[in-house]
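Chemist: Need a 3D model of the following:
(2 chains, ligands or ions: 3)
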Amino acid sequence: MTDGNMKVNIAGVEFKNPVIAASGTFGFGREYGEYYDIACLGGISVKGLTPEPRAGNAAPRVAETPSGMLNSVGLQNPGIDAFLAQELPALRAKDVVILANAAGRSVDEYVYMARRLSDSAVDMIELNISCPNVKQGGVAFGALPQSVYDVVSAVRKVCTKPLMVKLSPNTADITLTARAAEDAGADALSLINTLTGMAIDLDRRRPILANVTGGLSGPAVKPVALRMVYQAAHAVRIPVVGMGGIMTARDALEFLVCGARAIMVGTANFSDPFACPRIIEGIKDYCAQHHIADINALVNTLAV
Amino acid sequence: MKELTLATVLSNRRIAQGIYQMRLDWGKAPAAQPGQYVHVKIPGDSGRILRRPISICRVEGQVLTLVYQLVGEGTRLLSLVSPGQRLDCMGPLGRGFVVEETVNRAAVVGGGIGAAPLLELVAAYPHVAFDIFLGFRTAELAYDVAEFKRYGTVHLYTDDGSLGQKGFATQGLKQALEAADYQAVYACGPQPMLKSLQRAMQGSDIPCYASLEERMACGVGACLGCVCKIKAGDGWQHQRVCADGPVFPLSEVILDD
Ligand SMILES: Cc1cc2nc3c(=O)[nH]c(=O)nc-3n(C[C@H](O)[C@H](O)[C@H](O)COP(=O)(O)OP(=O)(O)OC[C@H]3O[C@@H](n4cnc5c(N)ncnc54)[C@H](O)[C@@H]3O)c2cc1C
Ligand SMILES: Cc1cc2nc3c(=O)[nH]c(=O)nc-3n(C[C@H](O)[C@H](O)[C@H](O)COP(=O)(O)O)c2cc1C
Ligand code: FES
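Modeler: Ligands and ions are numbered 1, 2, ... in the order given. Here you go, the predicted structure:
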């Protein structure tokens, strides 16, 4: 049987398949590049970048929870200058779509990131708006529709790359923040980022994470992620990329059926370093078995 | 390219109170350095999605031995694995102990389960004369002492004096440092032991390398989940225990409380 079409197009960018490595779980592609050729991926979203290098939070930074994990890495990253000089050239040499995950503490920092990345060889910017807005008492940009609108519209003015906005699930109504991002000029959405949680060491009566709270990811969040992707995809016209707890090809396909055009794989990489290529092969097998000639034909086919 | 290894369990038995030894057929001789670890997938569908880092205790041909302590659910599930079962492992991973060629006399200091990786170290360098300082909480928790004796002079300590001398392994090392002419010290153990070792080594110019522990996710350096603080210039920087370590020069490590 010949392979059907796996290509997807998001905001004018062509991905050779709908599987993208999720930000913060894949570094800049070097480590998993020692396990397989990362050019087999649809895309890679790099670790969240900021204007200056950041040390991130204190350890312990990860805690396992039932069918999931919490992380409080914070935005440890080498900064935009070091990324452009030391990481991007090697990654650019690979035939894979590069999404630059960008973060900031203020609207100005996001705008600065968008300017710098617009002048670079990345294919797309993924705006990580789950960060606290220092000027607004630390409430995350992604929590409120108005602050989503404000940061995305400011970025849109300077951003010449396709702009994907990564939504936070830590909000009252995901359709409102999804629409705010679309109204402000986003070309695409990705969701979900991690859900804020805690893990406790009972006997010591202390939090396991030095940061006290962290972001929940992995299979535990999948039902929430599916619901939010479904709602967001029906609230906007721009393409949606889904993620949250995808471990298998079937998980990935569930997101497509709920309206996602592509998916990202995060925590699964930790359980299985070959998770991404395994999911790609599994999607191909599923399509072959079910006579699906074009992966895009599955998108948004949920019968309710 | 790196691969996963589906290792076959040869044996899995209790060797001390709450401590198990697992021998694995690696399928081929693993290219392992003392101090490296394997990242083990918890078998079955337990919802424990993260792998567990376990140090390589011994490599003999294609047989790799792990020694692990029952801590929580993951290690409890590991203890239930039977011979013949397969275990999904990444590794050997990380940067282990490097014994420079000039070293022919050295001390090793192991505390509790931290003694495990030091066995492969002393076995891998037969030309080095090792003084081996081992500390356990109590006699029931001691393991592999006879094995260590094959590769050096063992000085045994327990907190309660139920085996060897009463006290800590680091006290033994501190006394020995005054007379002995070690060219290097290698250590693995709990944080309080490493702290007291750091104090014991202060003012000494003997290089001391220690294996650190931190909670891990990926094990390969991609997630930044497992950092420790390493001195850099006037300050410090985060380094990854999984990929930049787990072994670091102890004088460069900042151990927080
Ligand atoms: C480089 C390295 C080498 C190690 N070598 C050994 C060894 O040879 N023998 C041995 O018995 N133990 C070793 N450990 C510690 C071992 O990884 C933990 O005891 C084990 O992961 C506990 O799993 P659990 O499910 O039983 O405990 P739980 O507490 O239920 O585990 C929950 C989570 O916390 C993590 N965790 C808990 N305690 C530790 C710890 N001390 N260090 C790192 N992660 C932890 C687990 O990996 C898991 O993700 C090593 C740790 C590191 C970092
Ligand atoms: C260790 C870790 C680090 C992460 N870092 C980032 C980050 O820098 N930027 C970002 O937008 N999302 C980050 N995420 C969130 C993931 O990209 C993803 O949205 C989330 O984990 C849900 O997907 P999953 O369940 O497949 O992991 C991180 C997640 C983990 C587990
Ligand atoms: S465990 Fe992921 S970087 Fe060390």
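
Chemist: Can you classify the one residue in the stretch 151-257 of chain B that gets nearest to ligand 2 as helix, strand or coil?
Modeler: Nearest to ligand 2 in the stretch 151-257 of chain B, going by CB to the nearest ligand atom, is B:Cys223, at a distance of 4.2 Å. Placement of C-beta: from N, CA and C, glycine included. Secondary structure assignment for B:Cys223 (DSSP: H, G, I helix; E, B strand; the rest coil): coil.

Chemist: Need the nearest residue in space to it, chain neighbours excluded.
Modeler: B:Ala217 (4.7 Å; CB to CB, 6 or more residues apart in numbering or on different chains).

Chemist: ok, the one you found to B:Thr138 distance?
Modeler: The spacing between B:Ala217 and B:Thr138, counted by CB to CB, to the nearest Å, is 33 Å.

Chemist: more crowded one of these two?
Modeler: B:Ala217 (29 against 13; other CB atoms under 10 Å in any protein chain shown).

Chemist: Surely that one and B:Gly225 touch.
Modeler: Yes. Look at B:Ala217 against B:Gly225 with CB atoms under 8 Å: they come within range, at 4.2 Å.

Chemist: any residues in contact with both of those two?
Modeler: With contacts defined as CB atoms under 8 Å, 6 or more residues apart in numbering or on different chains, the residues shared by B:Ala217 and B:Gly225 are A:Val62, A:Asn71.

Chemist: How about the contacts made by the closest residue to A:Ala275 other than its chain neighbours?
Modeler: Closest residue to A:Ala275 apart from its sequence neighbours, by CB to CB, 6+ apart: A:Ala268 at 3.9 Å. By CB under 8 Å, 6+ apart, the residues touching A:Ala268 are A:Gly218, A:Ile246, A:Met247, A:Ala275, A:Cys276, A:Ile279.

Chemist: one more time with 10 Å, if that's ok
Modeler: Residues near A:Ala268 by CB atoms under 10 Å, 6 or more residues apart in numbering or on different chains: A:21-22, A:25, A:217-219, A:245-248, A:251-252, A:274-276, A:278-279, B:49.

Chemist: Residue numbers of the stretch 51-200 of chain A in contact with ligand 1?
Modeler: A:Glu64 (CB under 6 Å from any ligand atom).

Chemist: what about the closest residue to A:Leu302 other than its chain neighbours, how many neighbours?
Modeler: Of all residues beyond its chain neighbours, the one nearest A:Leu302 is A:Val257 (5.0 Å), with distances taken as CB to CB, 6+ apart. Neighbours of A:Val257 under the rule other CB under 10 Å: 16.

Chemist: what does the one 3 residues further on give?
Modeler: With neighbours defined by other CB under 10 Å, the count for A:Ala260 comes to 31.

Chemist: circling back: right, and the residue of the stretch 151-257 of chain B closest to ligand 2 touches A:Pro273 too?
Modeler: No. B:Cys223 lies out of contact with A:Pro273 (CB atoms under 10 Å); the separation is 11.6 Å.

Chemist: what touches both of those two?
Modeler: Joint contacts of B:Cys223 and A:Pro273 (CB under 10 Å, 6+ apart) are A:Glu31.

Chemist: contacting residues around the residue nearest to A:Gln86 when sequence neighbours are not counted?
Modeler: Of all residues not flanking A:Gln86 in the chain, A:Pro78 sits nearest, at 7.1 Å (CB to CB, 6+ apart). Contact analysis of A:Pro78 by CB under 10 Å, 6+ apart lists A:Phe28, A:Lys47, A:Leu49, A:Thr50, A:Glu52, A:Pro53, A:Arg54, A:Leu84, A:Ala85, A:Gln86, A:Glu87.

Chemist: Selecting buried members of those in PyMOL, what would you type?
Modeler: Here is the PyMOL command that selects the buried residues among these (16 or more other CB atoms under 10 Å in any protein chain shown):
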select buried, chain A and resi 28+47+49+50+53+54+84+87
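
Chemist: Looking at the contacts of A:Pro78, which is nearest ligand 2?
Modeler: Closest to ligand 2, out of all of those and judged by CB to the nearest ligand atom, is A:Lys47, at 5.1 Å.

Chemist: So what's the residue count around the closest residue to B:Ala124 other than its chain neighbours?
Modeler: Using CB to CB, 6+ apart and skipping residues adjacent in sequence, the residue nearest B:Ala124 is B:Pro34, 5.1 Å away. Using other CB under 10 Å, B:Pro34 has 26 neighbouring residues.

Chemist: quick one, phi psi at B:Asn12?
Modeler: phi -150, psi 100 (degrees, to the nearest 10).

Chemist: quick one: secondary structure of the spatially closest residue to it that is not a sequence neighbour?
Modeler: Excluding its sequence neighbours, the residue lying closest to B:Asn12 (CB to CB, 6+ apart) is B:Met22, at 4.6 Å. Under three-state DSSP, B:Met22 falls in the strand class.

Chemist: Could you check the pLDDT of residue 140?
Modeler: This is for chain A. pLDDT recorded at A:Ala140 is 93.

Chemist: Switch to chain B, please.
Modeler: pLDDT, read off for B:Glu140, is 97.

Chemist: Nearest to ligand 2: which residue in chain A?
Modeler: A:Gly24 (1.8 Å).

Chemist: Name whatever forms a beta bridge with A:Gly68.
Modeler: A:Thr65 (DSSP bridges).

Chemist: can I assume it is in contact with A:Ala225?
Modeler: No. Here A:Gly68 lies out of contact with A:Ala225, judged by CB under 10 Å, at a distance of 11.4 Å.

Chemist: List the residues that contact the nearest residue to B:Leu50 once chain neighbours are set aside.
Modeler: In space, not counting the residues next to it along the chain, B:Leu50 is nearest to A:Glu64; the distance is 4.8 Å by CB to CB, 6+ apart. For A:Glu64, the contact set (CB under 10 Å, 6+ apart) comprises A:70, A:199, A:208, A:218, B:42, B:47-52, B:72-74, B:215, B:217.
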